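[1] Sequence first, then the predicted structure, then my questions.
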Amino acid sequence: MSDQPLPAVDYLKIPEGGDPYLEGHKCGSCGATFLGERAVCSKCGARDQMSAVTLPNHGTLYTYSIVYRSFPGIDVPYVSAVVDLDDGTAIKGNLINVEPDPDKIEFGLPVDVVYDDALGRKDRDGNSYLSYFFQPSS
Amino acid sequence: MTDAYVVGVDMIKFGRFPEKTVPEIGAESALLALDDCGLTIHDMQALYSGNLGQASGMVGQRILQQIGQTGIPVINVANACATGATAFREAWASVKAGLYDCVLAVGVEQMGKGLLGGAGGGTGIPKEGLLGSGTMPAVFAEAGLEHTRKYGTTFEHFAKVSVKNHHHSTMNPKAMYQIETPLETVMNAEMISYPNTKLMCSVNVDGSAAAVICSEAKAKELGLMKRAVKVRASVLTSDPWQERDLVMPDVNSCTRKAAAAAYEMAGLGAEDIDLVELHDCFATAEILHYENLGLCGEGEAGRMIDDDEVALGGRIPVNVSGGLLSKGHPLGATGIANIYEVTTHLRGEAGERQVEGARIGMTHVIGLGSACGIHILEKVS
């Protein structure tokens, strides 16, 4: 079992002694940015043009749903959100610290990316995980 | 190239048949479609079989083990919710290419109840409810609220789609449900993923549908042209790259691309279409496709539903079968069931729900991931 939490997804990086961050891979040919490593750009087809970039911890809410029915053991309601980060990269996650009420959630809401324990979820070896969330910008 | 015609087509009444096997369910509609045109399995030169749940299970061959092992080639197809349409299209393509002149396409599915999508684990910990939701109601809710963001489309607009399709299904004896659902009932039903309530989600059912496709010469030789329907266009697309599509499955671009290609292939425009069976897997999705298919201008979908333009008797009736919302959505069968529906109207045999004077109809399905299949069919006689 790891002493430190593991990243919930491979595009979340936890540098030793540093702050966690999200990593994208940007195509040197067309500029499209992807979550996670890849060798070929699915926008333009260029090969071996990808380089790692640190994604901004800020963006705006593009669209969402308030989820009331999920699988057993998952707390509802929660807000599933698609966020456009400031560099244009789209990313999906939970929007937290908002009322799950469509009248209280505005499209374009500025959000910060925050990092926290993955809702207490552990793998079969008992490892803890660090995940990312969106919350209204402070 | 020859033209290809649907000469026989049928579906079983959708329902829940846990006591039957997938091949048994598929065999039922295959026999019905053969009976519809008075042919037998001995007249079929190939079988194109669509099924998702047992995609590696040789379902087509097992259907032939039910209805006649003639040794013909069987092609098993899986393409998410576009599975049936893809099987139909492959059958069509084989006739167009001159490989065969009489073939059978079958789509079949046996479904469990409950949520689809989102359960995928991968390594580490489950991501559902941690990184948003991958469940289908949520994914299509997010796509619907994108329309709200652009055009101010309301929860009520989305709900009206469900009211309409449930109303249509009261006239379709082969639909899973024949129940009126007034607006208040739809809006006050259990919220699954806002803005999709339970009545705005398609029904998971078991079902099958089948079609016999012939070349023009063969249809004439067999004396089957009177009830034949010509396939004017068959198009399949995948999702072209879009800036958000890796986190937000895009059902719009592949539909727009397919619609443009289908209209071009048919030499027709949206104004020529008399009825449409489109992929209302969720009420939010139907609204998007009015614009994606060019049935109205950008941002006009809410007005279309408000003005009853898409109801039976309206300018362009959509999902008069009851749609996936009420007829039901057996994934692999859906794409052929909508061919059945449109063909039945073009033949003038749709009874109470008949779209009067229908000459040209369109079918549309989306398989998330994504695939879009569109067919345009035309009355012959």
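    In hand now; what should we look at?

[2] for the host helix or strand of A:Y64, packing partners?
    Per DSSP states H and E: A:Y64 is located in strand A:58-67. Counting contacts by 3 or more Cβ pairs under 8 Å, 6 or more residues apart in numbering or on different chains; DSSP states H and E, strand A:58-67 packs against strand A:78-85, strand A:90-95, strand A:110-122, helix B:136-151, strand B:191-194. The way it works is simple: take the backbone N, C-alpha and C, and place the C-beta from them, glycine included.

[3] Show me the one of those that comes nearest A:G36.
    strand A:90-95 (11.1 Å; Cβ to Cβ).

[4] Closest to the mean position in chain B, which residue would that be?
    When Cα atoms, centre = their mean is applied to chain B, the residue found nearest the centroid is B:G335 (3.6 Å).

[5] and that residue, what are its phi and psi?
    Taking degrees, to the nearest 10, you get phi -70, psi -20 for the backbone angles of B:G335.

[6] Wait, it touches B:A80, no?
    No - contact criterion Cβ atoms under 8 Å: B:G335 and B:A80 do not qualify, at 10.4 Å.

[7] in what helix or strand does the closest residue to chain A within the stretch 251-381 of chain B lie?
    When distances are taken as Cβ to the nearest Cβ, the stretch 251-381 of chain B reaches nearest to chain A at B:T284, 9.3 Å away. Using DSSP H and E, B:T284 falls within helix B:283-292.

[8] next one: B:K113
    Going by DSSP H and E, B:K113 is not in any helix or strand.

[9] Identify the spatial nearest neighbour of it, chain neighbours not counted.
    Spatial nearest neighbour of B:K113, excluding adjacent residues (Cβ to Cβ, 6 or more residues apart in numbering or on different chains): B:N204 at 5.6 Å.

[10] just to revisit the earlier point, neighbouring strands - and their directions - for the strand holding A:Y64?
    Within its sheet, strand A:58-67 is paired with strand A:78-85 (antiparallel), strand A:110-122 (antiparallel), strand B:191-194 (antiparallel), according to DSSP bridges.

[11] Report the contact partners of the residue nearest to the centre of chain B.
    With Cβ atoms under 8 Å, 6 or more residues apart in numbering or on different chains as the criterion, the residues that contact B:G335 are B:50, B:81-88, B:107, B:363, B:365, B:373.

[12] what about 7 Å?
    B:G50, B:A82, B:T83, B:G84, B:A85, B:T86, B:F88, B:G107, B:V365, B:G373 (Cβ atoms under 7 Å, 6 or more residues apart in numbering or on different chains).

[13] Isn't A:L130 up against A:A118?
    Yes - checked against Cβ atoms under 7 Å, the pair A:L130 and A:A118 is within contact range at 6.5 Å.

[14] Return every residue with contacts to both of those two.
    Common contacts of A:L130 and A:A118, defined by Cβ under 7 Å, 6+ apart, comprise A:A8.

[15] more crowded one of the two?
    With neighbours defined as other Cβ atoms under 10 Å in any protein chain shown, A:L130 and A:A118 compare such that A:A118 has more, 26 against 17.

[16] Give me the pLDDT for the more buried one.
    On the pLDDT scale, A:A118 is placed at 97.

[17] Now do the strands in chain B.
    Counting by DSSP state E, one finds strands in chain B at the ranges B:4-11, B:47-50, B:74-77, B:102-109, B:191-194, B:196-197, B:207-215, B:229-238, B:275-277, B:360-367, B:371-379.

[18] Name the strands paired with the third one and say parallel or antiparallel.
    Its sheet considered, strand B:74-77 pairs with strand B:47-50 (parallel) by DSSP bridges.

[19] contacts for the strand it pairs with?
    B:26, B:59-60, B:63-64, B:72, B:74-77, B:83-84, B:86-87, B:90-91, B:103-107, B:332, B:335.

[20] Give the buried residues for stretch B:101-116.
    Going by neighbour count (16 or more other Cβ atoms under 10 Å in any protein chain shown), the buried part of stretch B:101-116 is B:101-111, B:115-116.
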